[in-house]
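Undergrad: build the 3D model from these lines:
(one chain, ligands or ions: 1)
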Amino acid sequence: MSLSKDLYSILMALARKKIISANWKMHITASQVLPYLTVFLSEMTVMEAVEVILIPPFTSLPKASEIVQATSHTRTLPLRLGAQNISSHEKGAFTGEIAAMMLCDLKVDCVLIGHSERRQLFGENNKIIHEKMMRAHDHHLSPILCVGETWDERSLGKEKKILEQQLREALCNLSRDQIARTIIAYEPVWAIGTGQTASLDQAEEMHSFIRGMISECSDETTAQHIRIQYGGSVTPLNAKEMLSGPNIDGALVGGASLDPHSFAEIVKHASNFST
Ligand code: PGA
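TA: Residues are numbered from 1 along each chain as shown. Presented below is the predicted three-dimensional model:
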């Protein structure tokens, strides 16, 4: 018996585990990691149906890694560790850069690539982003590929065109397995750190467009499996509504992740959507 495409999509949406990431940006020093995680973990009960990714700044990664390792056998909340950036180079004379193998050495297993702050403030273009994607996959790190349009691009009706270009250029030449291991974060630039979150309809439309693009770049099965997070002013107040979208598989949280209580609240909202 073959399932209709709509029913298949609904079943796949239920099967995709929500994934909530804390992008601490340039906040939370190494000595603040333990107090933060002590509070955060004390608010978590058994939640194996949600995945949480902590994305500290580089200097806080060793401490976060130590705690994630120590709690991995005792807790059922799957905690993963991510980095905020990666060098496109393997190793060598690149002062100030961080290589993929340095991240792997700290048991980091995912990495943000193409965040709009890197694109806008540090001149990262789609070519560099593609090179970083390849480097991450060479080392079996899961990239969290950030895509999103500016307000000007949206006002001109170009939001899908921009996303298409960002996705095609970042994902071209990747194998189906590599695409399947990638997490996508749709982050409209105008919603990041502004308090102006996208509406659920706007986010759903873009997430479903992204899924369609993934299907073109790989296949329908990969498109239905891949997880697409929403990012941009997610807070405990709007998380419940935002996470209710069938194509919204989680959130990439910046400002609201700096407070362990509010981040815990967002994770709890996500757990309510788990099967
Ligand atoms: P924000 O940041 O939640 O503070 O808007 C999100 C991000 O930049 O990933």
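
Undergrad: who's in contact with G193?
TA: Residues in contact with G193 (C-beta atoms under 8 Å, 6 or more residues apart in numbering) are S233, G254, G255. Glycine gets a C-beta too; all of them are placed from N, C-alpha and C.

Undergrad: how about T182?
TA: Neighbouring residues of T182 by C-beta under 8 Å, 6+ apart: M133, S142, P143, I144, L145, L171, L174, I226.

Undergrad: try it again at 10 Å.
TA: By C-beta atoms under 10 Å, 6 or more residues apart in numbering, T182 lies in contact with 110, 113, 133, 136-137, 142-145, 170-171, 174, 214, 218, 222, 226-227.

Undergrad: please enumerate the strands of this protein.
TA: Assigned strands in the chain, in chain order: 18-23, 50-55, 79-83, 110-113, 142-147, 183-186, 228-231, 250-253 (criterion: DSSP state E).

Undergrad: now these as JSON lines including mean pLDDT and distance to K160?
TA: Output for the strands of the chain, formatted as JSON lines (pLDDT from 0 to 100; distance: least, C-beta to C-beta, whole Å):
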{"stretch": "strand 18-23", "mean pLDDT": "97", "distance to K160": "24"}
{"stretch": "strand 50-55", "mean pLDDT": "95", "distance to K160": "27"}
{"stretch": "strand 79-83", "mean pLDDT": "96", "distance to K160": "27"}
{"stretch": "strand 110-113", "mean pLDDT": "98", "distance to K160": "21"}
{"stretch": "strand 142-147", "mean pLDDT": "98", "distance to K160": "11"}
{"stretch": "strand 183-186", "mean pLDDT": "98", "distance to K160": "11"}
{"stretch": "strand 228-231", "mean pLDDT": "98", "distance to K160": "15"}
{"stretch": "strand 250-253", "mean pLDDT": "98", "distance to K160": "20"}
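
Undergrad: possible to save those as JSON lines with mean neighbour count?
TA: Formatted as JSON lines, those follow (neighbours: other C-beta atoms under 10 Å):
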{"stretch": "strand 18-23", "mean neighbour count": "25"}
{"stretch": "strand 50-55", "mean neighbour count": "24"}
{"stretch": "strand 79-83", "mean neighbour count": "21"}
{"stretch": "strand 110-113", "mean neighbour count": "25"}
{"stretch": "strand 142-147", "mean neighbour count": "26"}
{"stretch": "strand 183-186", "mean neighbour count": "26"}
{"stretch": "strand 228-231", "mean neighbour count": "27"}
{"stretch": "strand 250-253", "mean neighbour count": "28"}
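
Undergrad: residues from the stretch 101-250 of the chain in reach of the ligand?
TA: Within the stretch 101-250 of the chain, the positions adjacent to the ligand are E187, I192, G193, G231, G232, S233, V234 by C-beta under 6 Å from any ligand atom.

Undergrad: quick one: which of those is nearest K161?
TA: Closest approach to K161 among these (C-beta to C-beta): E187, at 16.9 Å.

Undergrad: how far away is G92 from E124?
TA: Separation of G92 from E124 (C-beta to C-beta, to the nearest Å): 19 Å.

Undergrad: per-residue confidence for the residue of the stretch 151-275 of the chain found nearest the ligand?
TA: Evaluated by C-beta to the nearest ligand atom, the stretch 151-275 of the chain has G254 as its residue closest to the ligand, separated by 2.2 Å. pLDDT, G254: 98.

Undergrad: need the contact list for it.
TA: G254 makes contacts with 21-25, 27, 55, 115, 117, 187, 192-193, 231-234, as judged by C-beta under 10 Å, 6+ apart.

Undergrad: then R168?
TA: Here R168 is in contact with N126, H130, M213, E216, C217 (C-beta under 10 Å, 6+ apart).

Undergrad: the residues you listed in helices, which ones?
TA: In helices, defined here by DSSP state H, the members of the contacts of R168 are N126, H130, M213, E216, C217.

Undergrad: residue of the stretch 1-150 of the chain with the smallest distance to the ligand?
TA: N23 (4.2 Å).

Undergrad: re earlier: looking at the contacts of G193, which are in helices?
TA: Under the assignment DSSP H, the contacts of G193 contribute nothing to helices.
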